[in-house]
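Novice: can't give you the sequence, but here's the structure:
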């Protein structure tokens, strides 16, 4: 997963085969830095995961989304109008969303998941896209804070708390007002 991000880094589970070339981060897929196959499983049904799934499905790819939490968290943070747009695209493109399912393993041709009833299921996948959230890189803040003496450092965006472009801009605006 990329180390080029300053504010936050993708959450990547520690499991065998997670560093396989078939496992990619949603940010790399969305930016065109990573290619995926025809049969894709997206892990994570938040805004990033669902937007990535819709984008891939619009390219003719078969997409399944698995989400560890229940169906109530699917697109929970999306603005209403955008949420309804994405839900319409999910239906239009036939994207399967599997809630209450946790990734347990990766094989050469599939992903293994377990649901809340402890039932195992295998989904065919030639690509797995991780959209499991972000973790702030607080150590980077500490490192940068001490580069210039007596400098006020304002922590904004994902380094404060992973969020959206809107929250990052809002944090930056508030920091600029303080200066």
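Specialist: Thanks, I have it. The structure presented is a predicted model; accordingly, all values stated were derived computationally and were not measured.

Novice: strands of the chain, residue ranges please.
Specialist: Counting by DSSP state E, one finds strands in the chain at the ranges 8-10, 23-25, 39-43, 62-66, 96-98, 101-106, 110-115, 120-124, 127-130, 134-136.

Novice: report the contact partners of the residue nearest the centre of the chain.
Specialist: In the chain, the centroid-proximal residue (Cα atoms, centre = their mean) is residue 131; its distance is 2.1 Å. Each residue near residue 131 by Cβ atoms under 8 Å, 6 or more residues apart in numbering is listed here: 25-26, 42-44, 46, 48-49, 52. Just so you know, the C-beta spots here come from the backbone N, C-alpha and C atoms, and that holds for glycine as well.

Novice: repeat that with 6 Å
Specialist: 26, 42, 44, 48-49, 52 (Cβ atoms under 6 Å, 6 or more residues apart in numbering).

Novice: neighbour-wise, which of those leads?
Specialist: Among the contacts of residue 131, the one with the most neighbours (other Cβ atoms under 10 Å) is residue 42, at 31 neighbours.

Novice: tell me the pLDDT at it?
Specialist: On the pLDDT scale, residue 42 is placed at 98.

Novice: pretty sure it is in contact with residue 53, am I right?
Specialist: Yes - between residue 42 and residue 53 there is a contact under Cβ atoms under 6 Å: 4.7 Å.

Novice: so what sits against both of the two?
Specialist: With Cβ under 6 Å, 6+ apart as the test, residue 42 and residue 53 both reach residue 65.

Novice: quick one on the thing from earlier: pipe the strands of the chain into CSV and attach distance to residue 83 per row.
Specialist: Below are those laid out as CSV (distance: least, Cβ to Cβ, whole Å):
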stretch, distance to residue 83
strand 8-10, 23
strand 23-25, 23
strand 39-43, 17
strand 62-66, 15
strand 96-98, 13
strand 101-106, 21
strand 110-115, 24
strand 120-124, 25
strand 127-130, 20
strand 134-136, 20
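
Novice: out of those, which is closest to residue 162?
Specialist: strand 134-136 (3.7 Å; Cβ to Cβ).

Novice: got the buried residues for the closest one?
Specialist: 134, 136 (16 or more other Cβ atoms under 10 Å).

Novice: same thing with stretch 93-108?
Specialist: Buried residues in stretch 93-108, counted by 16+ other Cβ under 10 Å: 93, 95, 97-99, 101, 103, 106.

Novice: stretch 78-91 too?
Specialist: 78, 83, 86-87, 89-90.

Novice: swap in stretch 159-168?
Specialist: Buried residues in stretch 159-168, counted by 16+ other Cβ under 10 Å: 159-160, 162-163, 167-168.
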